[in-house]
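Engineer: When you get a sec, could you give me coordinates for this:
(one chain, ligands or ions: 1)
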Amino acid sequence: MPEQSGKVQTVLGLIEPDQLGRTMTHEHLTMTFECSHVPPAPGDEGLAAAPIEMKHLHWLQQNPYSHHENLLLNQEIEAVKEELLCYRKAGGGSIVENTTTGITRNLPVLRQLAKETGVHIIAGAGYYVDVTHSDETRKMTVEKLTDIIVNEILHGADGTDIRCGVIGEIGTSWPITESEKKVLRATAHAQTQLGCPVIIHPGRNKATPGEAIRILQEAGGDISKTVMSHLDRSIYDPRELLEFAKMGSYLEYDLFGTEVLNYQFNLDVDMLSDSQRVQTLAFLIREGYEDRILIAHDIHTKHRLTKYGGHGFSHILKNIVPKMLSRVCHSAGLWHQA
Ligand SMILES: CC(=O)NCCS(=O)(=O)O
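Structural biologist: Numbers count the residues shown, from 1 in each chain. Predicted coordinates:
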């Protein structure tokens, strides 16, 4: 990867790493998430079909995946642009946009947003989870999938000349399907050719992160340049978390701002609150993993935008960083209640 080597590839071209500034490593600026629709609870059908209104916001925040319109972040380009301008004002420099094939990646929109806001945007190559794979994708060989991913980074994706700068988020379910395994192997082969970072979306089960890393490892992937996303809803037990951390990937807590009683995709999960996320990061730092931690909001629905009463892309910079600083003196805090 001679031209890109040592640089960061944004949707507007190559930049030096020291130009990145503060970077959210897992966000979406335009995407659709209909693949993850959850039918509303009996009696909530009216709320699920109603326009988004102030009086329904609490319901929407607790049931974000049951409201069809809420899953169409691609309808909010203007609101996202305003958010990015605020993000810059709050000290933000760059955003890694994790939308891959299957959830409506839109590279021309990303390029436009980068031009209009001055935020560096790095786009993701590859494929989301199995339910979004086309029949054509499912039939592809690992070699063909590898060629496509490499091409998205070296030459441009989706018929454009806009190049992706990372591979991911690469989707996995639980159990990891055959088609997803092929994509993981292709990801590892493309990473070997290019030397670029990889970001993995694990299935919603605590076994998936380790299993996905093993598949990448066996296919020759560089785990030290691999990010495991969504640990906020995947691995809770401190011992299991440390076992996973030993595998060597980056550990990403990317659901900052998400405060829910029930995690709609897996009701057995008690999703971490922001305070618990901060406590978990303090725990990982005490255990020696400070330089392996990444954080973000993973905004992927409308309700998390400030336009809809959400926390927006500046929440970490405006609220979480001050909270962390206020806790520095108390960093011997206990592990959150499991
Ligand atoms: C876009 C995306 O995959 N977000 C993750 C949502 S989840 O609830 O952590 O699976």
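Engineer: does the longest helix anywhere in the chain come close to the ligand?
Structural biologist: With secondary structure taken from DSSP state H, the chain has its longest helix at helix 178-194. No. Counting by C-beta under 6 Å from any ligand atom, the ligand has no neighbours in helix 178-194; the shortest distance is 13.3 Å. (C-beta placed from N, C-alpha, C; glycine too.)
Engineer: And that helix, how far out from the chain middle?
Structural biologist: For helix 178-194, the separation from the chain centroid amounts to 18 Å (computed by C-alpha atoms, centre = their mean, to the nearest Å).
Engineer: Are there helices or strands packed against that helix, and which ones?
Structural biologist: Identification of packing neighbours for helix 178-194 by 3 or more C-beta pairs under 8 Å, 6 or more residues apart in numbering; DSSP states H and E yields helix 135-139, helix 142-154, strand 166-171, strand 198-201, helix 208-218.
Engineer: quick check: angle from that helix to helix 142-154?
Structural biologist: 50 degrees (axes from the mean of the first three to the mean of the last three C-alpha atoms, to 10 degrees).
Engineer: Just the mean pLDDT for helix 178-194, thanks.
Structural biologist: On average, the pLDDT along helix 178-194 is 98.
Engineer: Likewise for stretch 103-112?
Structural biologist: 98.
Engineer: can you tell me which of the helices and strands packed on helix 178-194 comes nearest to the ligand?
Structural biologist: strand 198-201 (5.0 Å; C-beta to the nearest ligand atom).
Engineer: anything in that closest one near the ligand?
Structural biologist: Yes. Residues of strand 198-201 are located near the ligand by C-beta under 6 Å from any ligand atom, namely His201.
Engineer: For that strand, what is the distance to the chain centroid?
Structural biologist: 8 Å.
Engineer: other SSEs contacting that strand?
Structural biologist: Partner elements for strand 198-201 (3+ C-beta pairs under 8 Å, 6+ apart): strand 166-171, helix 178-194, helix 208-218, strand 226-228.
Engineer: Which of the residues in it are classified as buried?
Structural biologist: For strand 198-201, burial by neighbour count (16 or more other C-beta atoms under 10 Å) applies to Val198, Ile199, Ile200, His201.
Engineer: Show me which of those is closest to Glu259.
Structural biologist: Set against Glu259, the nearest of the buried residues of strand 198-201 by C-beta to C-beta is His201 (20.8 Å).
Engineer: what residues are up against the closest one?
Structural biologist: Contact analysis of His201 by C-beta atoms under 8 Å, 6 or more residues apart in numbering lists Asn98, Tyr128, Val129, Gly168, Glu169, Ile170, Gly171, Thr172, Ser229, His230.
Engineer: residues near the nearest residue to Asp130 once chain neighbours are set aside, how many?
Structural biologist: In this structure, Asp130 finds its nearest non-sequential neighbour in Thr177, 4.2 Å apart by C-beta to C-beta, 6 or more residues apart in numbering. Using other C-beta atoms under 10 Å, Thr177 has 18 other residues around it.
Engineer: Now do Thr177 against the ligand, distance only.
Structural biologist: 16 Å (C-beta to the nearest ligand atom, to the nearest Å).
Engineer: Kindly report the same for Gly126.
Structural biologist: 13 Å.
Engineer: export the helices and strands packed on helix 178-194 to a markdown table and tack on mean pLDDT?
Structural biologist: Formatted as a markdown table, the helices and strands packed on helix 178-194 follow (pLDDT from 0 to 100):
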| stretch | mean pLDDT |
| --- | --- |
| helix 135-139 | 98 |
| helix 142-154 | 98 |
| strand 166-171 | 98 |
| strand 198-201 | 98 |
| helix 208-218 | 98 |
